[in-house]
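# here you go, sequence then predicted model.
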Amino acid sequence: MADHGHAQPNDTPPHAPEKFQIPLLLTGGALRPDAAGRSIETIGSQTDVAATLLHQLQLPATNFTWSRDLLSPAPAAAPGGFAFYCFTDGFGMVSPTGCVTYDNVARQVIERPAHVPATQLQLGQAYEQKSFGDFLSK
């Protein structure tokens with residue numbers, strides 16, 4: 001997994017979506033034949049690696065609540081998938097329509113292109129609240 005704790009490349013700000021865009025390559029004997037040779041364009045997050053790999057090994061992923069199998073169809077509510085990412089004092093929510101970033105301290109949007117719906121910001125806020133609550137409860 002990649003680590004995004006550095007200002008490189010090109011002195012990008014900590015919220016920049018390009019810092020978090022990393023391809024995932026799965027190779028080797030653990031891949032089921034129906035997954036071999038496939039190229040998946042679904043947007044996902046590092047949390048999705050757990051369910052994806054466990055399903056390839058035909059093991060349950062129920063302990064990984066925040067993970068989804070990237071080799072399965074994207075959820076109907078999020079065609080094309082989505083990814084949530086955190087950075088110091090904020091978050092980003094990525095979908096096929098684009099990315100919205102939010103500053104939790106200033107309580108304001110950092111960037112949201114006009115074509116990215118406001119509901120994507122709300123989804124990011126809900127995701128952060130629920131996932132952080134889950135983290136604190138453990």
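Yes, it's here. From a predicted model like this one, the values you see are computed outputs, not experimental measurements.
# report the buried residues of the longest helix belonging to the chain.
Longest helix in the chain, counting residues (DSSP state H): helix 118-136. Judged by neighbour count using 16 or more other C-beta atoms under 10 Å, the buried positions of helix 118-136 are 120-121, 123-124, 127-128, 131. In short, each C-beta sits where N, CA and C put it, glycine included.
# same deal with stretch 54-66?
Neighbour-count burial for stretch 54-66 flags 54-56, 61 (criterion: 16+ other C-beta under 10 Å).
# of those, closest to residue 74?
residue 55 (14.7 Å; C-beta to C-beta).
# surely that closest one is in contact with residue 70?
No - assessed by C-beta atoms under 8 Å, residue 55 is found out of contact with residue 70, at 9.4 Å.
# and residue 67, how far from residue 91?
Per C-beta to C-beta, to the nearest Å, residue 67 is found 18 Å from residue 91.
# against which helices or strands is the longest helix of the chain packed?
When contacts are defined as 3 or more C-beta pairs under 8 Å, 6 or more residues apart in numbering; DSSP states H and E, helix 118-136 packs onto strand 83-87, strand 90-95, strand 98-103.
# quick one: mean pLDDT for that helix?
The average pLDDT for helix 118-136 rounds to 95.
# likewise stretch 47-63?
In this model, stretch 47-63 has a mean pLDDT of 94.
# put the alpha carbons of that stretch into CSV.
Extracted C-alpha coordinates of stretch 47-63, given in CSV (Å, rounded to 0.1, in the frame of the first residue of the first chain):
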residue,chain,number,x,y,z
THR,A,47,-9.9,-0.5,2.7
ASP,A,48,-11.4,-2.4,-0.3
VAL,A,49,-8.2,-4.5,-0.7
ALA,A,50,-9.2,-6.8,2.3
ALA,A,51,-12.5,-7.9,0.8
THR,A,52,-11.1,-8.2,-2.7
LEU,A,53,-8.3,-10.5,-1.6
LEU,A,54,-10.3,-12.5,0.9
HIS,A,55,-13.0,-13.2,-1.8
GLN,A,56,-10.3,-14.4,-4.2
LEU,A,57,-9.2,-16.8,-1.5
GLN,A,58,-12.9,-17.8,-1.0
LEU,A,59,-12.8,-16.6,2.6
PRO,A,60,-15.4,-14.4,4.3
ALA,A,61,-14.8,-10.7,4.6
THR,A,62,-17.5,-10.0,7.1
ASN,A,63,-15.1,-8.6,9.7
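# that'll do, ta.
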